[in-house]
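Enquirer: All I have is the shape, not the residue letters:
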């Protein structure tokens, strides 16, 4: 039990999704999130929990009694942005109490307590207790260490799309990471991989579908490490009960079953979700190359209820750089071949990737190797990050730190290559029908299963409904302009696609 600065024991609760209800009256809470998509999804989970407990959730921080800030420490830039924002709150919302949580809080909790207006600092291990911490009297810091027994922060409270303001529901299946990449601070701040119980995940998935969400996104720190626990045997998550817990292991790393088919916790959980009836599709968030089983890639490419979209955290396509990063892929040529094979077998599918440029020791020749690898695969888009030195990581102490000007030049070169690759991909889809979920009505915009953001001018549609469209080749900002299509039939020249699901 963690003791707050006021000397009181930290308030307990059953965690998010529990049965407690707090006497908070009409207390108004504003939520702000900085950094990664995981932080955004956690803020959405907190919003649902606050609403279920009787809080008022407001967008305007000036109207808030409490401002909850979910923070980021993945890069130096993210930390600087976090500091500035927290300090600005004392003048932007002088009457509000501030609660700071997330990775920045986990790493710099003692320092944050000294910021004006900050009443509570809550680390990642205690994030699930935020509603009860606010409801209790006093202030304090709740900065428990994170280990394999720490809870996974998620919520099984599901608000409908109208109340949440969202058309897709993010379902967090695990927390933390068992890998220790040399440059990454995340495992130190989010802890080892822990998985949410399968039974509750399936129940929450069903709730989301019943509430009307048409896209369910499986999220987490490292979703490929989703696993369940049993004895010392390698077993699929769908074969376990929720209370089976002895020894932890990652079923994605446990080789092959007696039948010779590789078994994985993520693909087994995905199979379980797909048994649920209803009008929905499932999207995977980022996966590690080491978690890409043939079965998982086939499910993404072929199952009509799974978005034909993979986002892979490649980081580099140079074997020597990957070795320095402590990201051993084994045969990098084989990985390149498998990713290129995915693009060739499923030409209409989206294949994105994350890249880090300017890691210590990365020479021009090594960066050129990444450019060649990216060109060979034909990614449909990519995110490029300049290496950021993080305190406590192995890479921070390495010789050969790269000048920021070189990082910027390499980032620009890689982004240009990825832009051209995306244009090639989009040119293949001009005659192909895509399904979007309408996210806004004026104008109509949405995202296709293969991760193309589109705008459909001149049409009327209801938010959170399906629309069948085809892209035209015109661009408007970050959107591809599209035309509405009838509910069936293909235009001539469409490239091969997975069996088309006719959504309701």
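Expert: Nice, I can see it. Worth saying up front: this structure is predicted, and the values here are computed from it rather than measured. Numbers count the residues shown, from 1 in each chain.

Enquirer: In contact with residue 359: list those residues for me.
Expert: 183, 316, 321, 324-325, 387, 395, 402 (CB atoms under 8 Å, 6 or more residues apart in numbering). Every C-beta, even on glycine, is put in place using the N, C-alpha and C of the backbone.

Enquirer: swap the cut-off to 6 Å and go again
Expert: The neighbours of residue 359, taking CB atoms under 6 Å, 6 or more residues apart in numbering as the test, are 321, 387.

Enquirer: contacting residues around residue 215?
Expert: Residues in contact with residue 215 (CB under 6 Å, 6+ apart) are 168, 281, 283, 437.

Enquirer: can you tell me which two in these are farthest apart?
Expert: The span of those, defined through CB to CB, is set by 283 and 437 at 10.7 Å.

Enquirer: just checking, which of the contacts of residue 215 belong to helices?
Expert: Counted as lying in helices by DSSP state H, out of the contacts of residue 215, is not a single one.

Enquirer: from those, which single one is nearest residue 377?
Expert: Checking the contacts of residue 215 against residue 377 with CB to CB, the nearest one is residue 283 at 20.7 Å.

Enquirer: so what's the closest one bridging to?
Expert: residue 217 (DSSP bridges).

Enquirer: my read: it touches residue 307, true?
Expert: Yes: between residue 283 and residue 307 there is a contact at 4.1 Å, judged by CB atoms under 6 Å.

Enquirer: Quickly note the distance from residue 162 to residue 404.
Expert: 45 Å (CB to CB, to the nearest Å).

Enquirer: What of residue 325?
Expert: Counting by CB to CB - residue 325 and residue 404 are separated by 19 Å.

Enquirer: more neighbours, the two?
Expert: Per other CB atoms under 10 Å, whichever of residue 325 and residue 404 has more neighbours is residue 325, with 23 against 11.

Enquirer: Now that one: phi and psi?
Expert: Torsion angles at residue 325 (phi, psi; degrees, to the nearest 10) stand at phi -80, psi -10.

Enquirer: Give me the buried stretch members for the lengthiest strand in the chain, please.
Expert: Ranked by residue count under DSSP state E, the longest strand found in the chain is strand 466-476. The neighbour-count check on strand 466-476 (16 or more other CB atoms under 10 Å) flags 466-471 as buried.

Enquirer: Listing partners with orientation, what would you give for the helix or strand that that strand is followed by?
Expert: Following strand 466-476 in sequence order, the next helix or strand is strand 479-484 (DSSP states H and E). Each strand paired with strand 479-484, and its direction, by DSSP bridges: strand 453-456 (parallel), strand 466-476 (antiparallel).

Enquirer: Quickly, which of those strands bottoms out on average pLDDT?
Expert: With a mean of 92, strand 466-476 has the lowest mean pLDDT of the strands paired with strand 479-484.

Enquirer: Any chance you could list what contacts that strand?
Expert: Contact with strand 466-476 is made by 429-430, 433-436, 438, 454-456, 461, 480-485, 487, 503, as judged by CB under 6 Å, 6+ apart.

Enquirer: who wins for proximity to residue 340 among the strands paired with strand 479-484?
Expert: Evaluated over those, closeness to residue 340 peaks at strand 466-476, with 23.6 Å, by CB to CB.

Enquirer: of the contacts of residue 215, the lowest pLDDT goes to which?
Expert: Comparing the contacts of residue 215 by pLDDT, residue 168 comes last, at 92.

Enquirer: who are the neighbours in contact with the closest residue to residue 394 other than its chain neighbours?
Expert: Nearest non-adjacent residue to residue 394, counting by CB to CB, 6 or more residues apart in numbering: residue 182, 3.9 Å away. Residue 182 is in contact with 325-326, 394-395, counting by CB under 6 Å, 6+ apart.

Enquirer: try it again with 7 Å
Expert: In this structure, residue 182 makes contact with 324-326, 393-395, judged by CB atoms under 7 Å, 6 or more residues apart in numbering.

Enquirer: Show me how to select, in PyMOL, the buried members of the residues you listed.
Expert: Of the contacts of residue 182, the buried ones can be selected in PyMOL as follows, counting by 16+ other CB under 10 Å:
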select buried, resi 324+325+393+394+395
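
Enquirer: Farthest pair within the contacts of residue 182?
Expert: Using CB to CB, these span at most 12.1 Å, a distance reached by 324 and 393.

Enquirer: Could you tell me the model confidence score at residue 144?
Expert: Residue 144 is assigned a pLDDT of 91 by the prediction.

Enquirer: One more: residue 209?
Expert: At residue 209, pLDDT is 97.

Enquirer: So it: helix, strand or coil?
Expert: Recorded secondary structure, residue 209: helix (DSSP: H, G, I helix; E, B strand; the rest coil).

Enquirer: now residue 119
Expert: Quick answer, by three-state DSSP: residue 119 is strand.

Enquirer: Buried residues in the host helix or strand of residue 320, which are they?
Expert: Assessed by DSSP H and E, residue 320 sits inside helix 319-324. Residues 319, 321-322, 324 are the ones in helix 319-324 that count as buried (16+ other CB under 10 Å).

Enquirer: Contacts for stretch 453-463, please.
Expert: Applying CB under 7 Å, 6+ apart, the external contacts of stretch 453-463 come out as 167, 436, 438-441, 443-448, 467, 469, 471, 476, 478-484.

Enquirer: Could you list the buried residues of it?
Expert: With burial defined by 16+ other CB under 10 Å, the residues of stretch 453-463 counted as buried are 453-456, 461, 463.

Enquirer: so what does the longest helix along the chain touch, helix or strand wise?
Expert: For the chain, the longest helix by residue count, based on DSSP H, is helix 404-427. Judged by 3 or more CB pairs under 7 Å, 6 or more residues apart in numbering; DSSP states H and E, the packing partners of helix 404-427 are strand 350-357, helix 364-377, strand 381-386.

Enquirer: who does the first one touch, helix- and strand-wise?
Expert: Using 3+ CB pairs under 7 Å, 6+ apart as the contact definition, the elements that strand 350-357 packs against are strand 309-315, helix 332-345, strand 381-386, helix 404-427.

Enquirer: in its sheet, what does the shortest one sit against?
Expert: The partner list of strand 381-386 in its sheet, established with DSSP bridges, is strand 350-357 (parallel).
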